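Enquirer: dropping a prediction and its sequence here:
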Amino acid sequence: IKSASVEEHDEGEAHEDEEEGSEKQKPPNAKRLPLSINAGILLVFCMMGGVTYIAAALIIPGVAVLSMCAELAALELKDIFLKIHYFGRKIKFKRKHKKEQIEVEVKELLKIIEEIRRRYPDKERITSQDILRVNF
């Protein structure tokens, strides 16, 4: 008899523990935002993402055009500076005698030929086209 009452008592405790465990698993009654407000917040974030995407879509071609314009301006300025440089050299040559001018031109040609030989050591013959193509 004692053992039967102990078993009943143990079963009763186990049943009470299960009820307490299920109560603990239930979340407390907290106030939650309605579904419409959650959907509205999500929609606002999506709209902000769309606006950001549109702005990025406009920025990327703008940066591309800006870089192309900068490159074009750099090429134009390079041409202008080269013209000024050659014009200045011509003025400098006019100040010198004919013999000195030839010496300077020969020295510059030799520098160009040395540069070509340094860049292309296996090239045996240097043409005038090679000299014109050298960029320092």
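Expert: In hand now; what should we look at?

Enquirer: can you report how many residues lie near residue 124?
Expert: Applying the criterion other C-beta atoms under 10 Å, we find 5 residues in the vicinity of residue 124. No exception for glycine: its C-beta is placed from N, CA and C like everyone else's.

Enquirer: phi and psi next, for it.
Expert: In this entry, residue 124 is assigned phi and psi values of phi -90, psi -40 (degrees, to the nearest 10).

Enquirer: how about it, what does it touch?
Expert: Residues near residue 124 by C-beta atoms under 8 Å, 6 or more residues apart in numbering: none.

Enquirer: let me see the mean pLDDT of the top helix by length along the chain.
Expert: Here the longest helix in the chain is taken by residue count, with DSSP state H as the criterion, and it is helix 35-95. This predicted structure assigns helix 35-95 an average pLDDT of 82.

Enquirer: mind saving the C-alpha coords of the next helix or strand after that helix as CSV?
Expert: Using DSSP states H and E, the helix or strand that follows helix 35-95 in sequence is helix 98-119. Presented in CSV, the C-alpha positions along helix 98-119 are these (Å, rounded to 0.1, in the frame of the first residue of the first chain):
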residue,chain,number,x,y,z
LYS,A,98,74.2,76.7,-86.3
LYS,A,99,77.1,74.5,-85.1
GLU,A,100,75.9,74.5,-81.5
GLN,A,101,72.3,73.7,-82.6
ILE,A,102,73.5,70.6,-84.5
GLU,A,103,75.6,69.5,-81.5
VAL,A,104,72.5,69.7,-79.2
GLU,A,105,70.4,67.8,-81.7
VAL,A,106,73.0,65.1,-82.1
LYS,A,107,73.3,64.7,-78.3
GLU,A,108,69.5,64.4,-78.0
LEU,A,109,69.4,61.8,-80.8
LEU,A,110,72.1,59.8,-79.1
LYS,A,111,70.2,59.9,-75.8
ILE,A,112,67.1,58.6,-77.7
ILE,A,113,69.1,55.8,-79.4
GLU,A,114,70.7,54.8,-76.0
GLU,A,115,67.2,54.6,-74.5
ILE,A,116,66.0,52.4,-77.4
ARG,A,117,69.0,50.1,-77.0
ARG,A,118,68.3,49.9,-73.3
ARG,A,119,64.6,49.0,-73.8
